[in-house]
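> Pasted the sequence and its predicted model underneath.
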Amino acid sequence: MDNEKARAMVLASFIGDALALGPHWIYDPNEIVKRFGRIDGYTDPPPGGYHSGKKAGDFTHYGDQTLVLLRSVSERKRFDLKDFSQKWREMFKNYKGYIDQATAMTIQNFERGMPPEQSGSISNDLAGASRISPVLYIYKDNIEALLSASRAQTAMTHGASITIESAVFFSRLGFQVLHGIEPVNGIKALIQDTALSSELRFLAEKGLNSIEQETLSTILGFGQSCHADEAFPCVVHLIAKYSQDLREALIQSTMAGGDSAGRNMLVGMILGAYLGIKAIPDNWIRELSAIDEINRYLDSI
C-alpha cells in the first residue's frame, strides 16, 4: 500500500475541517460570499460566532476531537476506547471552543458514571463519523479492527444508528480506496452490499445520482445541516463529482454553507486517500496550525 496516500488521507480530513472554520454554520451561501468571497484558503471565524477566539488554520471542535483521537492511537499504537475517552474528557475540561449538543450530552453521561461504551448522546449528526481518519490510518490493513474501532469511537459521542452506520460505510470506502479502488466504484460496490441498510442505500444512491447536478443547488436540496440523513448524500455527491479534484470538492462544500466541516472531513479523507499529497495545495498544508503535531503523531504510528 502507498503510505503517502494514507498520510494524505489524514491530512486532507483535518484540512477540510480547518477550511470550514470561518464560515462554519453560516447557512446563507450569499452571506458567505459577501463575508469571505471564494474560500480557497483558511479564514478567521466571525467575532461572536460559534468559533470566535480561534484563528485561520485552526480546527473546529470536530477537528480538535479528531486530533485527540490521532494522539491516542499514536501513543497506544492501536485504538483504545478507554484511552480515547480519557483524553477526550480531559480536553473538554477547560475547552475554549464551541461545545455542541452531542458533546454536552456525552459529557453529562460521563459525569453520571457511564462508561464510554454507553456514553453516546442520541445525536444523529454525521460529525461523529467524521473523525474516523486516524483509525483508518492505523488499521489500513485490518478491516475487522477498523470497523470495530470506527463504530466504537463514533458511538462514544453519537448513539444514533445512522451515524454509526455512516462511520462504517465511509471506513469501508476509505479502506477500498487505499487498496486501489476508485471512489465511485467503491460507492457502487457498497450500495450493492446486502449488509447495507435500506436507508443508507437510498441516501448513497441519492448522492451518486446527483453527480451531473450543480453542487450548491444539490446541497441546498439535500440539506446543509449536521444530520446524517441530509449530510450523507452531500458527501457522496462531492466525492463522486470531484473525484479528480480534492481542492475544488472542499471549496464547493465550504461555499455551500451549513455544517461544511462535517462534510469536508469525510470528503477530504476519501479524496486524500485516492489522489494523494499532490492533490492538496501546499499552502493548505503549510498554514495548518497543528501540522507539526499531526506529522509527529503520524510519524510515531
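Happy to help now that I have it. Numbering: from 1, shown residues only.
> any low-confidence regions in the stretch 1-150 of the chain?
For the stretch 1-150 of the chain, the stretches with pLDDT under 70 are 1.
> residue boundaries of the strands in it?
Applying DSSP state E, counting those that start in this stretch to the stretch 1-150 of the chain gives no strands.
> In it, mark out all the helices, start to finish.
3-19, 29-36, 61-76, 81-93, 101-111, 133-138, 143-155 (DSSP state H, counting those that start in this stretch).
> Over to the stretch 201-301 of the chain?
Taking DSSP H, counting those that start in this stretch as the test, the helices found in the stretch 201-301 of the chain are 215-222, 228-241, 246-255, 260-275, 282-286, 291-300.
> For the closest residue in space to Asp245 that isn't next to it in sequence, the count of nearby residues, please.
Distances taken as C-beta to C-beta, 6 or more residues apart in numbering place Ala279 nearest to Asp245, at 7.7 Å, with adjacent residues excluded. The way it works is simple: take the backbone N, C-alpha and C, and place the C-beta from them, glycine included. Applying other C-beta atoms under 10 Å, we find 18 residues neighbouring Ala279.
> Does Ala279 touch Ile270 like I think?
No. Contact between Ala279 and Ile270 fails when scored by C-beta atoms under 8 Å: they sit 11.6 Å apart.
> Return the most buried member of the helices of the stretch 1-150 of the chain.
Mean neighbour count (mean count of other C-beta atoms under 10 Å) peaks for helix 133-138 among the helices of the stretch 1-150 of the chain, with a mean of 27.
> Return the distance of it from the chain's centre.
12 Å (C-alpha atoms, centre = their mean, to the nearest Å).
> One more: stretch 254-274?
Its chain's C-alpha centre and that of stretch 254-274 lie 6 Å apart, by C-alpha atoms, centre = their mean.
> Model confidence score at the closest residue to Val236 other than its chain neighbours, please.
Spatial nearest neighbour of Val236, excluding adjacent residues (C-beta to C-beta, 6+ apart): Gly207 at 2.7 Å. Residue-level confidence at Gly207 comes out at 98, pLDDT.
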